[in-house]
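Participant: Build me a structure from this.
(chains A and B)
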Amino acid sequence: MSEDLAWATASDIARAVASGAASALDVIDDTLARIEERNPALNAFTAITADRARAKARAIDARPDKATLPLAGVPFAVKNLFDIAGLATVAGSKINRARAKATRDSPLIEKLEAAGAVLVGALNMGEYAYDFTGENVHDGPSRNPHDTSRMTGGSSGGSGGAVAGGMVPLALGSDTNGSIRVPSSFCGTFGLKPTYGRLSRARSFPFVASLDHLGPFARTTRDLALSYDAMQGFDAEDGACVERPLEPATPELARGLSGLRIAVAGGYFHKGAFAEALDALARVAKAAGATDVVEIPEAARARAAAYVITATEGAALHLERLRQQARDFDPAVRDRLIAAAMVPATLVDKAQNFRRWYRGEVLKLFARYDAILAPATPCTAPKIGQQTFVIDGVELPVRPNVGIYTQPISFIGLPVVAVPVPLTPLPIAVQVIAAPWREDIALRIAQALEQTGAAAAPRPNL
Amino acid sequence: MADPLDDYIKAAAAALDLPLEADWQGAIKANLAVTLKLANLVAEFPLPDAAEPAPIFRA
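Facilitator: Presented below is the predicted three-dimensional model:
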């Protein structure tokens, strides 16, 4: 097992396998051995697909055209709400373990494997994705590779832990209110939440149809862009997926910051932030040359509306399970969903009306700026089991409040790259937010920040 | 005097066929209180009658 390979990027692995300098089977054997060694401490994986991964790796090694595969031999894993043929899609729950096994992989897995990547397993997550901690009462908590007594963040906790912990260079997660960006922040990885409707969500277990997004985690911007490019494409099976031409971001990465107008979100996005969040934001703003401060209008109300729509759409999704199997839920999830099932529809409609108004106001800002920077989380990773923290002088529960800075952004589907800032002792991320369909701009900025050293995925001591 | 939210939760659970056990009620109440507070923060924002919701049905 090679320590170098643990920290190799997806781009490096793909180059080595495509050129014949390394075999995909050796990469996968090495990855599987490392997962076996590290998973007991990190609890990132809930299923390991070793046989299928080895078969896939052998097939790649035998292909005469492997030099054309952009992700040749790259190991990856997915949050366990993605369908994997032959496994039940558990979505972090006990209840879903009784579901029929999936008969086909999710389209994003198919697309990554078509590009040469190799699925090695499924990853831990908060139950039904209604979570910002990465804790799971059925599977145990995902543990932060930088300090295993701390949260990974959630709900894509295993995705953050597996990438930050050097188990895989690439993972997929979902983000309804921050579930890619929060674990990216706590674990110190790069994470991309694309524009709502960009990547297909077909054959993944939903949470909130009008807010769900899927996207990648990686330790470099280039790896994010490579995987994102491989996953693009219209899919009629996802009713929200938008028919657009492919818009590859990888060729844009080298363009740097030239010509980009970048602002920093003020007001709501500073209020309640711990010193480390503001320190990280200041470092990134300086490296990006961002001096203007803008107010994202009514961000607190946007977060409130996202909270209401999430709770009530989530309750609608789970209504029959609540009626029939309430005792099989994580109690924290159950109590939130039962409460949400009692919220009058009039208030939900008000939130949807506000959502449209807010979208119009925020889009006006993107006439003046190409990107806006904001903290990803108010603090670095809390301890596992920590129930409360103090935000703006008020003691609040951790679980629903870690996403106060991510929710107003995903609420209107804007693309975001979470860029990790390698503070000591724990990393924390900053959101690079772009206009709809401009993932390329957010990724360009992330790449430039990485080149200056302001953003980097720090290597934990494992 | 009974808290109207307690009464509402009991009535809603019965009317909507939702399970409710005595030791869940406190957490459900706390969650409902937060959700209603946030929903009312949104609802009190003035918008014109013609304001359209974000999801628009297209035939």
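Participant: so is residue 46 in a helix, a strand, or just coil?
Facilitator: Since you didn't name a chain, this refers to chain A. Under the three-state scheme (DSSP: H, G, I helix; E, B strand; the rest coil), A:Thr46 adopts strand.
Participant: State the pLDDT value of it.
Facilitator: Listed pLDDT for A:Thr46 reads 98.
Participant: same check, this time on A:Leu5
Facilitator: For A:Leu5, the pLDDT comes out at 83.
Participant: That one against A:Ile28, yeah?
Facilitator: No. Taking contacts as CB atoms under 8 Å, A:Leu5 lies outside contact range of A:Ile28: 10.5 Å. Backbone N, C-alpha and C define where each C-beta goes, glycine included.
Participant: out of those two, which sits in the more crowded spot?
Facilitator: The residue with more neighbours, out of A:Leu5 and A:Ile28, is A:Ile28; 24 against 19, by other CB atoms under 10 Å in any protein chain shown.
Participant: Grab the nearest non-local neighbour of that one.
Facilitator: Spatial nearest neighbour of A:Ile28, excluding adjacent residues (CB to CB, 6 or more residues apart in numbering or on different chains): A:Ala57 at 4.1 Å.
Participant: go on, A:Phe274?
Facilitator: Among residues not flanking A:Phe274 along the chain, A:Cys379 sits closest, at 4.2 Å (CB to CB, 6+ apart).
Participant: so B:Gln25 sits in a strand?
Facilitator: No. Under three-state DSSP, B:Gln25 sits outside any strand and is assigned helix.
Participant: how near is it to A:Ile338?
Facilitator: 10 Å (CB to CB, to the nearest Å).
Participant: More neighbours: which of these two?
Facilitator: Each of B:Gln25 and A:Ile338 has its neighbours counted (other CB under 10 Å); A:Ile338 has more, 29 against 16.
Participant: give me every residue that touches the more buried one.
Facilitator: A:Ile338 sits next to A:315, A:322, A:326, B:13, B:18-20, B:24, B:28, B:31 when contact means CB atoms under 8 Å, 6 or more residues apart in numbering or on different chains.
Participant: try 10 Å this time
Facilitator: A:Ile338 makes contact with A:315, A:318-319, A:322-323, A:326, A:329, B:9, B:12-13, B:16, B:18-20, B:24-25, B:27-28, B:31-32 under the criterion CB atoms under 10 Å, 6 or more residues apart in numbering or on different chains.
Participant: Name only those of those residues that count as buried.
Facilitator: By neighbour count, with 16 or more other CB atoms under 10 Å in any protein chain shown, these hold A:315, A:318-319, A:322, A:326, A:329, B:9, B:12-13, B:18, B:24-25, B:27-28, B:31-32 as buried.
Participant: Please enumerate the shared neighbours of A:Leu5 and A:Ile28.
Facilitator: A:Pro75.
Participant: Any stretches of the chain with poor pLDDT?
Facilitator: With no chain named, the answer covers chain A. Residues of chain A that meet the criterion pLDDT under 70 lie in A:1-3.
Participant: actually it's chain B I care about, not the one you picked
Facilitator: Residues of chain B meeting the criterion pLDDT under 70: B:1.
Participant: Spatially central residue in it, please.
Facilitator: Taking CA atoms, centre = their mean, the centroid of chain B lies closest to B:Leu36, which sits 5.1 Å from it.
Participant: Which residue, other than its chain neighbours, is closest to it?
Facilitator: Using CB to CB, 6+ apart and skipping the chain neighbours, the partner closest in space to B:Leu36 is A:Val343 (6.9 Å).
Participant: ditto for A:Pro375
Facilitator: Nearest non-adjacent residue to A:Pro375 (CB to CB, 6+ apart): A:Ala277, at 4.2 Å.
Participant: The one you found against A:His270, yeah?
Facilitator: Yes. If you go by CB atoms under 10 Å, A:Ala277 and A:His270 touch, sitting 8.8 Å apart.
Participant: Need the residues touching each of the two.
Facilitator: Overlap of the contact sets of A:Ala277 and A:His270 (by CB under 10 Å, 6+ apart) consists of A:374-375, A:405.
Participant: now those as CSV including secondary structure?
Facilitator: Output for the shared contacts of A:Ala277 and A:His270, formatted as CSV (three-state DSSP):
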residue, secondary structure
A:Ala374, strand
A:Pro375, strand
A:Tyr405, coil
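Participant: Same list (the residues you listed) but as CSV, adding neighbour count.
Facilitator: Below are those laid out as CSV (neighbours: other CB atoms under 10 Å in any protein chain shown):
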residue, neighbour count
A:Ala374, 27
A:Pro375, 27
A:Tyr405, 29
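Participant: tell me which of the residues you listed is nearest to chain B?
Facilitator: The shortest approach to chain B among the shared contacts of A:Ala277 and A:His270 belongs to A:Tyr405, at 15.9 Å (CB to the nearest CB).
Participant: Great, nothing more from me.
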